[in-house]
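Undergrad: coords please:
(2 chains)
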There are 2 protein chains.
Amino acid sequence: MENKVDVEIIKINGNSRDTIIDRVIREYPFTLYLNGQEIITLLCIPENLEELAVGFLISEGFLDSFEEIDKMDLDMEKGLIQIQGDIGEKPLREKLRGKRTITSGCGKGSSFYNVLDSSKSNRIEKIMGLMPGNVIQLMREFNSYSNLFNETGGVHSCALCSTEEVLVHRDDIGRHNALDKILGWGHMNKQNFDDKLVLTTGRISSEMLIKTAKRGVPVVVSRSAPTSLAVDLARELNITLVGFARGNKMNIYTNFPSIDF
Amino acid sequence: MENKVDVEIIKINGNSRDTIIDRVIREYPFTLYLNGQEIITLLCIPENLEELAVGFLISEGFLDSFEEIDKMDLDMEKGLIQIQGDIGEKPLREKLRGKRTITSGCGKGSSFYNVLDSSKSNRIEKIMGLMPGNVIQLMREFNSYSNLFNETGGVHSCALCSTEEVLVHRDDIGRHNALDKILGWGHMNKQNFDDKLVLTTGRISSEMLIKTAKRGVPVVVSRSAPTSLAVDLARELNITLVGFARGNKMNIYTNFPSIDF
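TA: Numbering: from 1, shown residues only, chains lettered A, B, ... in the order given. Next up is the predicted model:
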């Protein structure tokens, strides 16, 4: 399925107006079923959908690992995936804790740490010894991949990287979907996350950081801004948070020792 | 409460590195209670929170109008609002249909119309007779308000406008929150929506369009891109959808007759 759709538009530029065919990004409703139960409908770009399903289900705590999945049946025509898994003792969550929902116990300041399943969000102990030049080089490579953005202006991108190279790059209309796709790819390809970087074009909110923290990713880099809660959380978990990484510039918000100046 | 937070960062620019104080946008967990029941925790900028609560509850169908609310108690310290309302026959939804969740009946193409509560999303019949110059002028005024973005790089903005002027402008870390704030303002200030424009800095997905369609807003304008599903939905509902409105340029995606060339 094409991830772009041609539409007829009127293009206005000052006093000129032309009827042309333009491309818009395809927004595709994609429903996840786990052991026969409907979990959620995501609105996404119709590509890398298994990765999205795996990443999402682990992000949201429905699964702990890719190995728990026995079978995945993707039906592009119907816009759904059926996943069968041995989910062990985990009950299927009665109520999905949606994207913007966090537990009520995390209302204030330091206690928002509670939002994390703490068993999976230990503090990062590793010192990465990353040089700013690594980040600059990775962002340069990352930016060169964003063709879909250039064509439609409608997507965010994420990448999972070693310190030396971009391992996988994914686009989506949603920042969260793009992140779940690269994390899903990591799970499906048996990657360790504890020596990797995540790059994103989008802003880093607490929700973005929580997804990476759950996997123990030590470094998160954005072309854009972080929020205060993401900075607090990164500080608490020893995650190196880098924002506004553009050209030779970047802002390092947390865990300064992990950068080797 | 300040909507920005000062943090110490290391700023890298080529070979120079400076430790400076930078401002990041405050991300604030804000929990909504309706008649004593916890509905959701939104992550937002801590300003215009009553508008956000009203806009969100009407967007998601928990309330039909501002008039149903008897009492709102905002507690900034605890990060919550208690709303008492006469919600009549409407049961409190057992399960929140979260932001990215749409009913499973809307999996494919033309039937996604089902996501709308159809009684509140009639086709727009009005011909606005809007001139491109109106849109250009409104966007110019809109852009001049985005100081918070200029300072932190971390927010999206929305505005509710008549054809002549910006009536209200709101920022948030989330596109959806900013939209709920201006719509909430409209409900609280007894505005008609059927002769208004909504402007946004963010991309227009189906979810953004559904929020405006529920109120009968006839024109939605973005500085950025729409998705295919937003274009389909706008076409079906006779909404005028304008994207990439920058300077003297814009792309008109749907309902061409409403623009008076």
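Undergrad: ranges for the strands of chain A?
TA: A:4-13, A:16-25, A:28-34, A:37-44, A:69-75, A:80-85, A:156-161, A:166-172, A:197-200, A:219-222, A:240-246, A:249-252 (DSSP state E).
Undergrad: tell me which strands the fifth one pairs with, and in which orientation.
TA: It refers to strand A:69-75. Applying DSSP bridges, strand A:69-75 is found paired with strand A:80-85 (antiparallel).
Undergrad: please report how far residue A:145 lies from chain B.
TA: Per CB to the nearest CB, to the nearest Å, residue A:145 is found 18 Å from chain B. Where C-beta positions appear, they are placed from N, C-alpha and C, glycine not excepted.
Undergrad: give me the pLDDT for that residue.
TA: Note on residue A:145: pLDDT of 84.
Undergrad: briefly note if stretch A:181-193 comes near chain B.
TA: No: among the residues of stretch A:181-193, none lie within reach of chain B under CB under 8 Å from any CB of the partner chain; the closest is 14.4 Å away.
Undergrad: re earlier: got CSV for the strands of chain A, with mean pLDDT and mean neighbour count too?
TA: Putting the strands of chain A into CSV (pLDDT from 0 to 100; neighbours: other CB atoms under 10 Å in any protein chain shown) gives the following:
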stretch, mean pLDDT, mean neighbour count
strand A:4-13, 93, 17
strand A:16-25, 93, 15
strand A:28-34, 94, 22
strand A:37-44, 92, 21
strand A:69-75, 97, 13
strand A:80-85, 96, 20
strand A:156-161, 95, 25
strand A:166-172, 96, 22
strand A:197-200, 97, 25
strand A:219-222, 96, 26
strand A:240-246, 95, 23
strand A:249-252, 95, 21
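Undergrad: please produce JSON lines containing those, extended by distance to residue A:185.
TA: Shown next, in JSON lines, are the strands of chain A (distance: least, CB to CB, whole Å):
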{"stretch": "strand A:4-13", "distance to residue A:185": "22"}
{"stretch": "strand A:16-25", "distance to residue A:185": "20"}
{"stretch": "strand A:28-34", "distance to residue A:185": "16"}
{"stretch": "strand A:37-44", "distance to residue A:185": "15"}
{"stretch": "strand A:69-75", "distance to residue A:185": "14"}
{"stretch": "strand A:80-85", "distance to residue A:185": "15"}
{"stretch": "strand A:156-161", "distance to residue A:185": "7"}
{"stretch": "strand A:166-172", "distance to residue A:185": "5"}
{"stretch": "strand A:197-200", "distance to residue A:185": "12"}
{"stretch": "strand A:219-222", "distance to residue A:185": "17"}
{"stretch": "strand A:240-246", "distance to residue A:185": "22"}
{"stretch": "strand A:249-252", "distance to residue A:185": "25"}
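Undergrad: which one of those strands lies closest to residue A:229?
TA: strand A:240-246 (11.4 Å; CB to CB).
Undergrad: packing partners for that closest one?
TA: helix A:132-144, strand A:219-222, helix A:228-237, strand A:249-252 (3 or more CB pairs under 8 Å, 6 or more residues apart in numbering or on different chains; DSSP states H and E).
Undergrad: what do you get if the cut-off is 6 Å, keeping everything else the same?
TA: Counting contacts by 3 or more CB pairs under 6 Å, 6 or more residues apart in numbering or on different chains; DSSP states H and E, strand A:240-246 packs against strand A:219-222, strand A:249-252.
Undergrad: got the angle for that strand vs strand B:4-13?
TA: 70 degrees (axes from the mean of the first three to the mean of the last three CA atoms, to 10 degrees).
Undergrad: out of the strands of chain A, the one nearest residue B:80 is which?
TA: Across those, closest to residue B:80 is strand A:37-44 (CB to CB), at 25.7 Å.
Undergrad: now the angle between strand A:28-34 and that closest one, please.
TA: 160 degrees.
Undergrad: hang on, the earlier thing: right, so of the helices and strands packed on strand A:240-246, which gets closest to residue B:161?
TA: With CB to CB, the closest approach to residue B:161 among those belongs to strand A:219-222: 31.3 Å.
Undergrad: mind listing the strands the closest one pairs with, and their directions?
TA: Partners of strand A:219-222 in its sheet, by DSSP bridges: strand A:197-200 (parallel), strand A:240-246 (parallel).
Undergrad: which residues touch the first one?
TA: Among residues not part of strand A:197-200, those counted as contacts by CB atoms under 6 Å, 6 or more residues apart in numbering or on different chains are A:142, A:158-159, A:161, A:212, A:217, A:219-222.
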